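J.: Here is my input; please provide its structure:
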Amino acid sequence: MVKKKSLGFKLIAGGIIAVLLPLFVVGVFSLMKASDALDSISNERALNVATDVAGMADLVMQEEMKIITQLSVNDAIVEAAAKVADHGTVAAAPEIKRANEALSSAISKLGNDYEDLLLAGTDGVIFADGKGRLGGISVADRDYIQAAKEGKSTIGKVIISRQTGNPIVPVCSPVYSKNGKLVGELATILSINFLSHNITNIKLGTTGYVYMVDRDGMVIAHPDKNIILKLNANNIKGMEEIAAKMMAHQTGTASYVFNGVDKMSAFAPVKFTGWNVCATQDEAEFLASAHSIRNFIFIIGGIFLAMTVIAVLFFSRSITRPITSAVAMLNEAADQVATASSQVSSASQSLA
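T.: Purely as a prediction, here's the structure:
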């Protein structure tokens, strides 16, 4: 009986190993290849999205700079700024009126993405604007005004508007008189929402999204408007490496953990402004197909295991039954021989 069980066990175990071992090897290899392929595809797709969005933002901001540079040489604007610089706002009232009209006409043509157009003197005090509401307000402390005073056209930091409380990005250019003297600063106040809307409408699957940070790492566009200008990528735990690469204006991909969730991200710089675009997605989502392959392999493995056990059971019985019968017959024959031998021995002893 022991020999029968041992033989049957060996046949079953051997059959299971013969089926499951190659299935396991092929399954693991397929799963690894699928995971690598999905990871590569997802990274490439996210990087393409980040690069495309960064390129779009770059072109948009270059166009904004062209607009403000062209406006800065408008005759009405130059004359008003020169008159204010030389004689003050009271004496320049007629010129300021024409400048207001020019700015109002310009902003009506530019569209709804502009909060205002402003013209400030060398002291940083606004004396003309496109909507007639900013006169007398000082913006001398703003970085874009200070840069324009140094003769530099610049895109300022994204800030909260003092007028509306909305995030804005100023684009500023110095204004020169006809004899080349710096006489003022002209700036468009652009609502960041036009960029934010286009960016946050981009989806990567169901968990992926795109956001943008400024040159200091501050979030300036994000699906969650509550964190705009309140969250800095440099201060997010788990994102230190990615933030450092973005601040270095690198392009690439990296994995990180955010709020306990494994994520993949791709990032690209907006070269003209120093901003950075980041596309991110939960790893679990883009690896879902690999998990489906894994589950399929487990199911197939289970089916083949059951089929193997059943087949080997029948096969082992077909082999062990004849062997068992033969052993039984041999045992019976041996018993008969032993009995006969015993009888012969007894007869011999009687004759003696």
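
J.: quick one: low-confidence ranges for the stretch 101-250 of the chain?
T.: Low-confidence segments of the stretch 101-250 of the chain, defined by pLDDT under 70, are absent; every residue clears the threshold.

J.: any idea where the helices of the stretch 51-200 of the chain begin and end?
T.: 75-87, 93-110, 143-149, 193-200 (DSSP state H, counting those that start in this stretch).

J.: Closest to the centroid, which residue in this protein?
T.: In the chain, the residue lying closest to the centroid (CA atoms, centre = their mean) is residue 280, at 1.4 Å.

J.: in its sheet, what does the helix or strand hosting that residue sit against?
T.: Secondary structure here is read from DSSP states H and E; on that basis residue 280 sits in strand 275-282. For strand 275-282, sheet partners with direction are given as strand 208-213 (antiparallel), strand 261-270 (antiparallel), following DSSP bridges.

J.: Just send the ones you listed back as JSON lines, with mean neighbour count too.
T.: No exception for glycine: its C-beta is placed from N, CA and C like everyone else's. What follows is the strands paired with strand 275-282, written out as JSON lines (neighbours: other CB atoms under 10 Å):
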{"stretch": "strand 208-213", "mean neighbour count": "24"}
{"stretch": "strand 261-270", "mean neighbour count": "22"}
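
J.: so which of those strands comes closest to residue 84?
T.: When these are compared for distance to residue 84 using CB to CB, the nearest one is strand 261-270, at 34.6 Å.

J.: angle of that closest one against helix 193-200?
T.: 130 degrees (axes from the mean of the first three to the mean of the last three CA atoms, to 10 degrees).

J.: Give me the residues contacting strand 261-270.
T.: In this structure, residues lying in contact with strand 261-270 by CB atoms under 8 Å, 6 or more residues apart in numbering are 39, 42-43, 46-47, 49-51, 53-54, 57-58, 61, 212, 242, 245-246, 249-257, 275-284, 286.

J.: export the strands paired with strand 275-282 to JSON lines and tack on distance to residue 175?
T.: Rendered in JSON lines, the data for those read as follows (distance: least, CB to CB, whole Å):
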{"stretch": "strand 208-213", "distance to residue 175": "30"}
{"stretch": "strand 261-270", "distance to residue 175": "26"}
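
J.: Identify whichever of these lies nearest to residue 119.
T.: Within those, the stretch nearest residue 119 is strand 261-270; the backing value is 27.2 Å (CB to CB).

J.: Nearest spatial neighbour of residue 218, chain-adjacent residues omitted?
T.: Distances taken as CB to CB, 6 or more residues apart in numbering put residue 232 closest to residue 218, at 5.1 Å, once the chain neighbours are dropped.

J.: Hmm, the one you found is touching residue 220, no?
T.: No. Taking contacts as CB atoms under 8 Å, residue 232 lies outside contact range of residue 220: 10.7 Å.

J.: Quick check on those two: which one has the bigger neighbour count.
T.: Summary of the neighbour comparison: residue 232 and residue 220, criterion other CB atoms under 10 Å, with residue 220 having more neighbours (24 against 16).
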